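[1] predicted model and sequence below, questions to follow.
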Amino acid sequence: DAKTTQPTSMDCAEGRAANLPCNHSTISGNEYVYWYRQIHSQGPQYIIHGLKNNETNEMASLIITEDRKSSTLILPHATLRDTAVYYCIVRLSGGGADGLTFGKGTHLIIQP
Amino acid sequence: GAVVSQHPSWVICKSGTSVKIECRSLDFQATTMFWYRQFPKQSLMLMATSNEGSKATYEQGVEKDKFLINHASLTLSTLTVTSAHPEDSSFYICSARAGTGVVTQYFGPGTRLLVL
């Protein structure tokens, strides 16, 4: 799986959009970008994934650059409950038989 | 999203005893389940992968005789920590995936183990 780079931590004001960047410059053509988050003392929660087109669901939007070397997860109206560690993970389509490799992620802190 | 449950949510045991943790996929059949471990202030580390009806595949450095994994049905996997010691105290999390063409994994809420 391609390696990803994320900022260690970010702050965002409650009610504003939170934009979390992720670099994956070695991503290959058949690798998806996945985002999970982990709220303190809970299991990771799936957020969204994409291949090359931008994606949106009820939780977030995923913007992938045209060259696919980076992406941004957008939480449109952050709330205090969005405080968590956010993980950007790159995986092959089909996934193979392997588990996910978690990096250090970005600790997003939503400020009141 | 799909729901994965774990039981118990937390357990305290004496050193030398064995502890069993259950992981269930509630609304889908999980052909593959994964077990992770997370120490304080660290990220999740994959311990093993199990496919229904076959032996688990363990990551390097994980003792298969200490961490027994059983995946007897498409909705249940169990992790047994045998002869637990204080250094096994950790947060154990399972995840489940349906099918082979789908990458999305859904995680359980985790089980916090404290070995005294």
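    Cool, got the structure. Numbers count the residues shown, from 1 in each chain, chains lettered A, B, ... in the order given.
[2] would you mark the buried spots in stretch A:49-69?
    A:H49, A:G50, A:E55, A:M59, A:A60, A:S61, A:L62, A:I63, A:I64, A:R68 (16 or more other Cβ atoms under 10 Å in any protein chain shown). Heads up, the C-betas are built off the backbone N, CA and C, glycines and all.
[3] just the endpoints, please. Distance across that stretch?
    Terminal residues of stretch A:49-69 are spaced 15 Å apart (Cα to Cα, to the nearest Å).
[4] got it, and stretch A:9-27?
    Termini of stretch A:9-27 sit 23 Å apart (Cα to Cα).
[5] that stretch close to chain B?
    No - judged by Cβ under 8 Å from any Cβ of the partner chain, stretch A:9-27 and chain B are separated, with a smallest distance of 13.0 Å.
[6] buried stuff in that stretch?
    Buried, per 16+ other Cβ under 10 Å, within stretch A:9-27: A:M10, A:C12, A:A18, A:L20, A:C22, A:N23, A:H24, A:I27.
[7] assumed the first one was part of a strand.
    What it means is A:M10. Yes - according to DSSP: H, G, I helix; E, B strand; the rest coil, A:M10 belongs to a strand.
[8] my read: A:T56 touches A:L62, true?
    Yes - using Cβ atoms under 8 Å, A:T56 is in contact with A:L62, at 7.5 Å.
[9] which neighbours do the two share?
    A:I48 (Cβ atoms under 8 Å, 6 or more residues apart in numbering or on different chains).
[10] which stretches of chain A form strands?
    Per DSSP state E, chain A carries strands over the ranges A:9-13, A:18-23, A:31-38, A:45-50, A:55-56, A:61-64, A:70-75, A:84-92, A:106-111.
[11] need the ones you listed in CSV with distance to B:D27, can you?
    As requested, these are arranged in CSV below (distance: least, Cβ to Cβ, whole Å):
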stretch, distance to B:D27
strand A:9-13, 33
strand A:18-23, 29
strand A:31-38, 19
strand A:45-50, 14
strand A:55-56, 23
strand A:61-64, 25
strand A:70-75, 26
strand A:84-92, 23
strand A:106-111, 29
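[12] make a markdown table out of those strands and add distance to B:F107 and mean pLDDT.
    Formatted as a markdown table, these follow (distance: least, Cβ to Cβ, whole Å; pLDDT from 0 to 100):
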| stretch | distance to B:F107 | mean pLDDT |
| --- | --- | --- |
| strand A:9-13 | 22 | 97 |
| strand A:18-23 | 19 | 98 |
| strand A:31-38 | 8 | 94 |
| strand A:45-50 | 7 | 93 |
| strand A:55-56 | 20 | 96 |
| strand A:61-64 | 19 | 98 |
| strand A:70-75 | 18 | 97 |
| strand A:84-92 | 11 | 92 |
| strand A:106-111 | 18 | 97 |
